[in-house]
Every structure is written in structure tokens, then in C-alpha cells.
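Asks: Dropping the sequence and predicted coords here.
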There are 2 protein chains.
Amino acid sequence: MEKDLSALDSALDSMGVDGFLIDAASSDSDQLYLSGFDAPDAFTTLYADGVHLLVSSLEYGRAKKESDAETVTRTAEYNFHEKVSEYGWKEAEMRILAEFLADRGVESVAVPERFPVGTADGLRDVGVSVSPEETDVITEIRATKTDEEIEHVRVAQKANEASMQAAEDLLSSATVEDGILYHDGEVLTSERVKEEIEVTLLRHGAALDETIVACGVDAADPHNRGSGPLKADEAIIIDIFPRDKASKYHADMTRTFVKGDPSDEMRARYNLTHEAFDAALEAVEPGATGTEVHDAVCDVYENAGYETLRSDSNTETGFIHSTGHGIGLDVHELPKVSPAGGELKPGHVITIEPGLYDPEVGGVRIEDLVVVTEDGYENLTDYPIEFVLD
Amino acid sequence: MEKDLSALDSALDSMGVDGFLIDAASSDSDQLYLSGFDAPDAFTTLYADGVHLLVSSLEYGRAKKESDAETVTRTAEYNFHEKVSEYGWKEAEMRILAEFLADRGVESVAVPERFPVGTADGLRDVGVSVSPEETDVITEIRATKTDEEIEHVRVAQKANEASMQAAEDLLSSATVEDGILYHDGEVLTSERVKEEIEVTLLRHGAALDETIVACGVDAADPHNRGSGPLKADEAIIIDIFPRDKASKYHADMTRTFVKGDPSDEMRARYNLTHEAFDAALEAVEPGATGTEVHDAVCDVYENAGYETLRSDSNTETGFIHSTGHGIGLDVHELPKVSPAGGELKPGHVITIEPGLYDPEVGGVRIEDLVVVTEDGYENLTDYPIEFVLD
């Protein structure tokens, strides 16, 4: 797969505009994707007969070296300092942006819906037509990964596997006293396991903002990050979604462990979730929809008598989230693997993560990361699926 | 100091609008500050007779518990799912937002300049007046920290000191062979020191996106993060700006070390920078301007015959950046300690970080973090200023 911007061309054609404009820092993944330039402060990317950047003098050298742009212009070329003296910062910036567009024959632009209204209004004031593009076309394009992007995700998942192993090792080597896990003579907490995960990720070139190590009733809420002492005989969900620091691509994996003896109900839920996980993977192929993959999971759970959001949209127990999501520069991106999921295509990278939740029992979730291929899928995850740790 | 939103009230009065509206995730520091709610996806904060949040059902419980808002409303209360079926996602969101505003008697709003144009245009389409607020009033308000915020910065700087110590210890214990530093039998690289810094920060509840460990000619470019083997007898700049994970407040500190023997010129530059640093601190007091503090540094450097951007705006060597910046939820925020710096006030938290750069010699920078007090300043940094490591 190669990066393919033809959908952007079509969107601009159908909107009848001259170009596409982004004003954002590279923390905006569409900006990073289109510009290929990683910068902490907002800069401007114009797509019109190729990619063109407008950056501060501070970033000029690096942008020329590192970005994917055909041309890089610095604001100083438009007499930035003189304009600031004459018009003040904001109007100076707007005049320069308008000149930059005019120099490329651009009189009308589509912009992302989250493009800053200050810039949009400023451009409109000087006669440039600015129209929000409503289909999130760049985000759509990003859903299909190039071979290089898939490699980035694979590298991130390798780091993730190492951190999951570090977490599992902590649980495995823990001792149990009065139902509480201990490690090196201290209570083993969710926080301690998260720290080990983070440190391991750092040693492998990856980082994360948050991670989930949730035990017992905490794990019954899929959005609870977990805290406090970990307990024996209860399910511990570990969900790690790090970002490779060099490439900026994410990985994602979840395992559920019990230190000691799970109840029969918990064991049944684990086995059923493993079955739902296998059914979902079985359904992944190009041409299938995200909805079909999600339905495969709902079928398994509902046939076994558990609620899902499909069988009861108000249920607070059972399978109460989507089966998965696309992943790449963002942890959550297209395609959807949910009731709203469209057609899966080769190059889509998605998570498969069924789970069952009930505050009375706890939570269980199993998650791998796969790429849709020409004839099915390739699992980018190489980590055993095991439940009970002795 | 208490949180004081009176400047926001004045701004809204002078614009003649009913309220202030933010549509952003908490990665936007103005959103985090006004709402007191930390959430990864965009949500809506209205300031009009108090702070009011509009959030998804997913975030409702947490927003009620954790945010600073007087009221929290979930989109489901406005029949979100029915509206999505009838109008599609985007129009449904807009109708709900308009109803939310109407319920509070709000017909006109000021918004940040980076408010999303899609939302602005959508609100305008249904008759709500939307005006970008041009003075960055929330950012201005954030410049003055409450006692609690100062405590957050202090805690972050404590973690920072521990990580600086870890880095210094690595350099101190290194051996030298053919001018290259070695540690535990391996070449000591910039990357290795950064890893140690990050791991130490994690152990202290802090994290960072980037850090600078730059040696020799790398250190002569203040924006170079540094890479590769560290060398003896050359200046190594270590600049660390972590974020406390619990409070989200940042710290910042820089030290410059030489392992071995610096040249006489390098030693002179270090001592002069220490002198400039002291002169800047001497100038910090309420009523002084950021410009005056910056000028104190330029005076020291220029009197010793070095260029500054004040003496030559095109110079690429000498003192080629600002003296400092405000710090808080953002690494770089108001007030400015630069040629554009306004009046310093009690509660302002600023860095003081003069430096000298020349590719022929290397770079040197010394940075502490201080809070402006009623009668001067308090240094929030407790780390020795030393140059030569044996």
C-alpha cells in the first residue's frame, strides 16, 4: 500500500475549492499525516498541487529536512516582523497567510471541522472562501495504512508485548496474604504494575499517557483505569495502548489474569470471551463490515444468555462496548468495528477486543491488534492468551 | 491567591455577549482550567453565570464527580440518539448545543480563537452569535497561579530535580576513553541519559514528551534535542520539562555540565551565563516587566562583548532566545520574559534561562523556575549550579 490522497482530491473537486488548509500542531494527527512534520506549535499546511508548508523561522530548517512537503515557506519571507509592527500579531498572521495562498493561486479552501474559527474568520475577512469539510476525509484516508505504517504499528506492539510480559511477571511472582497480592514485601498495587509497564515501554522506545490495570469491581467498568491493592482470585484486566516515540504510531493489547482461583462464573465468562474473540477474528476479511465483526461477538454472548448493547441498548452489564477500533497515529481512529462499522479494506489496522462486565463478578477482556490483508488478516500480536496465573 | 475570573467577566461585558464557550478536549489547557475536567475527547464548557458542562453519557458520572462545574448535562438529555437518527451526527450535535445554550438564555457567545470553525458555523446557522475573543483572556488569567497551582509546580520541580540528579550521576560515574564517555562498558549516549531521566520521572509521578541532552555542536542549537555519544571536555546541556501526571502542571530546569576540562572560552561563557542568570533573578519583582528582566540578561552579555538578539536581530550566535517564559498547564505560557514581556505580578511562575551559543564553542544554559511574590520572588528550584564534573 502507498499513501493515496485521491479521496482528498475528489472531496476538493466536489466542494469546488482550490485547496485544503490545516492550521494545527502535529498533535493533530491529520496535520502530522498530511505534512509529515512533527512540531509542537501550530503551523500551516496547504494541499493544492502538492503539499506546502508555512512555518515560523524557528521551524524552517527542520521542516525543510524532515517534512513531506514539496515547498516550505517561512513567515519571515512575508516581512513578518514589519507586519507585526504595522498591524499587530493577529492581523499580520492573517495577511501573511492570505499572501501565501494568493501566491499559489488559492482563493477558496476546505478546512477540517476543527480548524480554528479565528483563522477562518480572518481569511474570510480578506476575501478567502473557507468551508468546513464534513466527511473527515483525511481521517478516512488514514484508516488505510501503508506498509511502512503497518511496520510502525508492529514495532509499537512489540514494545507492548514486552510491557505486558513485565506486568504478567509481577503478578506471577507475587505472593498472596489475606487475599491481597504482595511483591518484594510490599502490597502490589495497580499503580505499581502501571509503573513497571511504563518503565518497560520507555526501555523499548515507547510511551503512554494512561494504562489500565483494573481489578475486581474496578474491572467491571471498562473505563476505570484501576487503583489500589490487587487481589487474589479476582480478574485483573491489563489494557496497554502505548505510542512508539519515533514513529508516533500506537499499539493496543489487553489481557485478563487471575492470580489464584477464579470462580466458575468468571472462568465461564473468560472462556466465552475467548470464543467471541475467535469468532470476531474469523469474521475479519476485506469486504466484511465492521458491523459484521461486531455482530459475530454479540451472537456468541447473546447465545450464551448475556446481554449486549445490541440486545438491550440500556444494559449496564454484559458486553457494553464496541468490538474494536482502528488504530494508528491516534489510539482510536477509523475504521469502526461497531454497529456503525463500514467495509473493511486491506491495510485497515483494527483491534478486536470483546469483553464481559458485571460489578458482581468483575470484568474480562481479551484484545489483539490485526491488519486486514488481501485474503483475511494478519495478527500483529504475539502474546499468549492465558487466564490463571499460579 | 484564588482563581479569579473577573477578567473573563470584563471581556464578555465589553464584547456584549452572554457567555464564553469552549469546545475542546482537556489537552487544551484553557478548557482544563475553566472546566476542571480532564477528558481525552472534546466536550463543551459554557461560562455564563458559572461554569456549565455538556458531555457525553460516557463522561457524565466522572464529570459530575471531578469537574469544577456548577451543572453537568449529558447529551442524552436532549434525545441525542433520536436526533442522530433524524438529522445525522453533526446536525444533531449542533441542535443539542443550541438547545443547551437556549436553556441558559444564551444567544451570543465569545469563543477562543482556536474554537472549531465547524461548530462556530453550525451555531451561526441556527442563529447563535459566535465571536472569537482576541485577547486570549483565559490564557491571561492562567498566568497568575493560585497557591494550589504553585504547589503543583513545586511538586513537579521536585521530580525534575530527582531526574536531573540521575542524569548528573550517570555523567559523574562515566569513564572517558578517546574523548568519549562510557558507562558500564558501553558508550554513554544522549539517548541513554534521556532514558534514565524519563524512568526517574516516572518513578516520581511525572512524565515528559521530550527532553534535551545535547553535547558539543548539538548544544549550540537551543532547539536541538541531542543524540549520539557524549564527549569529554565539551559542554552538555540538560534541559528537562516534565509534567506531573496527577496535577498536569509542568516544571522546567536546565543545567550545563562538562565531564573533564572545558576550554577557557567555555568556562568564561559559563561564568558569564551564571552572572546573567543572577542579574535576571535580581530584576524579578512585582511591577518589573518581563522586558526589564530580559534586558538585564542582554546587558550582561553585551557588556562582555557577546551578541544578543537585542544588539543584532539576525545573529546566529550569542544569546539567541528569550530569557524565560511562564509555565503551568502548558510548558510555555504567559507571562513572557522577553522583549515583549509585560508587568510581572505576584503568582506569576516563570523560568529564568539565559544561555550562550556558538557552533565553534558549544552551548551553555542555566535555568531555574521561580514564582513572583509580593516582595520579589521565591525560587522553586533546589539544585546546585555546577559546571565541571570530575
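Replies: Arrived safely.

Asks: C-alpha only now, for contacts and for neighbours.
Replies: Fine.

Asks: can you list the residues of the stretch 151-300 of chain A near chain B?
Replies: Residues of the stretch 151-300 of chain A lying near chain B by C-alpha under 8 Å from any C-alpha of the partner chain: A:195, A:198, A:199, A:202, A:203.

Asks: Next up, the contacts around the last one.
Replies: If I follow you right, that is residue A:203. Contacts for residue A:203 (C-alpha atoms under 8 Å, 6 or more residues apart in numbering or on different chains) come out as residue B:195.

Asks: how about JSON lines for the residues of the stretch 151-300 of chain A next to chain B, with pLDDT and secondary structure added?
Replies: Putting those into JSON lines (pLDDT from 0 to 100; DSSP: H, G, I helix; E, B strand; the rest coil) gives the following:
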{"residue": "A:195", "pLDDT": "94", "secondary structure": "helix"}
{"residue": "A:198", "pLDDT": "94", "secondary structure": "helix"}
{"residue": "A:199", "pLDDT": "93", "secondary structure": "helix"}
{"residue": "A:202", "pLDDT": "92", "secondary structure": "helix"}
{"residue": "A:203", "pLDDT": "91", "secondary structure": "helix"}
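
Asks: And these, which is closest to chain B?
Replies: Nearest to chain B among these, counting by C-alpha to the nearest C-alpha, is residue A:199 at 5.8 Å.

Asks: which residue sits closest to that closest one, ignoring its sequence neighbours?
Replies: residue B:199 (5.8 Å; C-alpha to C-alpha, 6 or more residues apart in numbering or on different chains).

Asks: got it, and residue A:206?
Replies: residue A:244 (4.2 Å).

Asks: same deal with residue A:191?
Replies: residue A:227 (6.1 Å).

Asks: for residue A:385, same thing?
Replies: Using C-alpha to C-alpha, 6+ apart, the closest residue to residue A:385 is residue A:255 (7.1 Å).

Asks: I'd guess the one you found is in a strand, am I close?
Replies: Yes - counting by DSSP: H, G, I helix; E, B strand; the rest coil, residue A:255 falls inside a strand.

Asks: who does it bridge with?
Replies: Residues in a beta bridge with residue A:255, per DSSP bridges, are residue A:238.

Asks: quick one, longest helix in chain A?
Replies: helix A:147-172 (DSSP state H).

Asks: Show the subsequent helix or strand relative to that one.
Replies: Using DSSP states H and E, the helix or strand that directly follows helix A:147-172 along the chain is strand A:175-177.

Asks: So which residues make contact with that next one?
Replies: A:181, A:182, A:183, A:232.

Asks: Now the one helix or strand residue A:282 maps to - C-alpha only, CSV.
Replies: Applying DSSP H and E as the criterion places residue A:282 in helix A:264-283. Provided in CSV are the C-alpha atoms of helix A:264-283 (Å, rounded to 0.1, in the frame of the first residue of the first chain):
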residue,chain,number,x,y,z
ASP,A,264,-16.8,-20.9,37.9
GLU,A,265,-18.8,-17.9,36.6
MET,A,266,-15.6,-15.9,36.0
ARG,A,267,-14.0,-18.9,34.3
ALA,A,268,-17.1,-19.4,32.1
ARG,A,269,-17.0,-15.7,31.1
TYR,A,270,-13.3,-15.9,30.2
ASN,A,271,-13.8,-18.9,28.0
LEU,A,272,-16.8,-17.3,26.3
THR,A,273,-14.9,-14.1,25.7
HIS,A,274,-12.1,-16.2,24.1
GLU,A,275,-14.8,-17.8,21.9
ALA,A,276,-16.2,-14.4,21.0
PHE,A,277,-12.7,-13.2,20.2
ASP,A,278,-12.1,-16.1,17.9
ALA,A,279,-15.5,-15.6,16.2
ALA,A,280,-14.6,-11.9,15.6
LEU,A,281,-11.2,-12.8,14.1
GLU,A,282,-12.9,-15.4,11.9
ALA,A,283,-15.1,-12.7,10.5
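
Asks: quick check: domain ranges of chain A?
Replies: A:6-142, A:144-389 (automatic domain parsing).

Asks: measure the longest one end to end?
Replies: Spelled out, it's domain A:144-389. The first residue of domain A:144-389 is 38 Å away from its last residue (C-alpha to C-alpha, to the nearest Å).

Asks: Same check on stretch A:60-74?
Replies: With C-alpha to C-alpha, one end of stretch A:60-74 sits 6 Å from the other.

Asks: Now find how far off-centre that stretch is within its chain.
Replies: With C-alpha atoms, centre = their mean, to the nearest Å as the basis, stretch A:60-74 stands 26 Å off its chain's centre.

Asks: any low-confidence regions in the stretch 51-200 of chain A?
Replies: Along the stretch 51-200 of chain A, no part satisfies pLDDT under 70.

Asks: where do the helices sit along it?
Replies: If DSSP state H, counting those that start in this stretch is used as the criterion, the helices of the stretch 51-200 of chain A fall at A:57-66, A:80-87, A:89-103, A:117-125, A:137-143, A:147-172, A:190-203.

Asks: now the ones you listed in CSV, with distance to residue B:305?
Replies: CSV is the format used below for the helices of the stretch 51-200 of chain A (distance: least, C-alpha to C-alpha, whole Å):
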stretch, distance to residue B:305
helix A:57-66, 25
helix A:80-87, 26
helix A:89-103, 32
helix A:117-125, 42
helix A:137-143, 52
helix A:147-172, 49
helix A:190-203, 44
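
Asks: show me the contacts for residue A:206.
Replies: A:156, A:159, A:242, A:243, A:244, A:245.

Asks: Now neighbour count too, for these, in TSV please.
Replies: Below are these laid out as TSV (neighbours: other C-alpha atoms under 10 Å in any protein chain shown):
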residue	neighbour count
A:156	29
A:159	25
A:242	29
A:243	29
A:244	26
A:245	18
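
Asks: out of the residues you listed, who's nearest chain B?
Replies: Checking these one by one against chain B (C-alpha to the nearest C-alpha), the nearest turns out to be residue A:245, at 8.6 Å.

Asks: Against residue A:240, how distant is the closest residue to that closest one other than its chain neighbours?
Replies: With sequence-adjacent residues excluded and distances taken as C-alpha to C-alpha, 6+ apart, residue A:245 is closest to residue A:206, at 5.2 Å. Going from residue A:206 to residue A:240 by C-alpha to C-alpha gives 11 Å.

Asks: excluding its backbone neighbours, what's nearest the most centrally placed residue in chain A?
Replies: Nearest to the mean C-alpha position of chain A, by C-alpha atoms, centre = their mean, lies residue A:331 at 1.2 Å. The shortest distance from residue A:331 to any residue other than its chain neighbours is 6.0 Å, reached at residue A:250 (C-alpha to C-alpha, 6+ apart).

Asks: so who does that neighbour touch?
Replies: Counting by C-alpha under 8 Å, 6+ apart, residue A:250 has contacts A:153, A:156, A:157, A:241, A:242, A:243, A:244, A:327, A:328, A:329, A:330, A:331.

Asks: What separation do you get for the last one and residue B:344?
Replies: Distance of residue A:331 to residue B:344, given as C-alpha to C-alpha: 41 Å.

Asks: same check, this time on residue A:141
Replies: Relative to residue B:344, and taking C-alpha to C-alpha, residue A:141 is found at 48 Å.

Asks: Between these two, point out the one with more neighbours.
Replies: Higher neighbour count among residue A:141 and residue B:344: residue B:344, with 26 against 18, using other C-alpha atoms under 10 Å in any protein chain shown.
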